[in-house]
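K.L.:
pasted the sequence and its predicted model underneath.
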Amino acid sequence: MTYVVTDACIRCKYTDCVEVCPVDCFYEGENMLVINPSECIDCGVCEPECPAEAILPDTEGGLEKWMELNSKFSAEWPNITQRKDAPADADEFKAIQDKFDTYFSAEPGEGD
């Protein structure tokens with residue numbers, strides 16, 4: 001089992017989860033985070049920390065797309081190990097559903 005970040009993170013990019021991760025398995029894109037499934041130790045401490053409820057265990061059904069996306073972009077984006085301020089408009093995007101097609105960016109973030 002591993003945890004994955006879903007599209008609920010897009011344009012929110014809260015980093016509360018990064019701060020509690022004991023193995024630093026988060027990677028930063030321009031407008032979302034992903035988890036490297038090979039590095040995740042399945043501890044689950046990140047899941048309750050996410051204000052957008054974007055982190056889910058891979059045991060939940062229908063997450064294949066997100067598992068692939070997390071795996072792909074964790075190999076391309078820089079590692080993030082420290083909490084950063086969320087974007088100024090993060091709360092406005094928290095309730096929006098199905099953000100991938102409209103808002104996803106494949107560009108890397110800054111990392112640490």
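P.N.:
Done, it's in.
K.L.:
show the backbone phi and psi for Ile35.
P.N.:
Note on Ile35: its backbone torsions stand at phi -110, psi 140 [degrees, to the nearest 10].
K.L.:
list the contacts for it?
P.N.:
2-5, 25-27, 46, 55, 70, 74 (C-beta atoms under 8 Å, 6 or more residues apart in numbering). To be clear about C-beta, it is placed using only N, CA and C from the backbone, and glycine gets the same treatment.
K.L.:
that one and Thr102, how far apart?
P.N.:
22 Å (C-beta to C-beta, to the nearest Å).
K.L.:
show me what contacts Ile55?
P.N.:
By C-beta under 8 Å, 6+ apart, Ile55 lies in contact with 3-6, 9, 17, 35, 46-47, 49.
K.L.:
need those in JSON lines (columns: pLDDT, secondary structure and distance to Asp98).
P.N.:
What follows is the contacts of Ile55, written out as JSON lines (pLDDT from 0 to 100; DSSP: H, G, I helix; E, B strand; the rest coil; distance: C-beta to C-beta, whole Å):
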{"residue": "Tyr3", "pLDDT": "97", "secondary structure": "strand", "distance to Asp98": "21"}
{"residue": "Val4", "pLDDT": "97", "secondary structure": "strand", "distance to Asp98": "16"}
{"residue": "Val5", "pLDDT": "98", "secondary structure": "strand", "distance to Asp98": "15"}
{"residue": "Thr6", "pLDDT": "97", "secondary structure": "coil", "distance to Asp98": "10"}
{"residue": "Cys9", "pLDDT": "97", "secondary structure": "helix", "distance to Asp98": "13"}
{"residue": "Cys17", "pLDDT": "97", "secondary structure": "helix", "distance to Asp98": "21"}
{"residue": "Ile35", "pLDDT": "98", "secondary structure": "strand", "distance to Asp98": "20"}
{"residue": "Cys46", "pLDDT": "98", "secondary structure": "coil", "distance to Asp98": "22"}
{"residue": "Glu47", "pLDDT": "97", "secondary structure": "helix", "distance to Asp98": "21"}
{"residue": "Glu49", "pLDDT": "97", "secondary structure": "helix", "distance to Asp98": "23"}
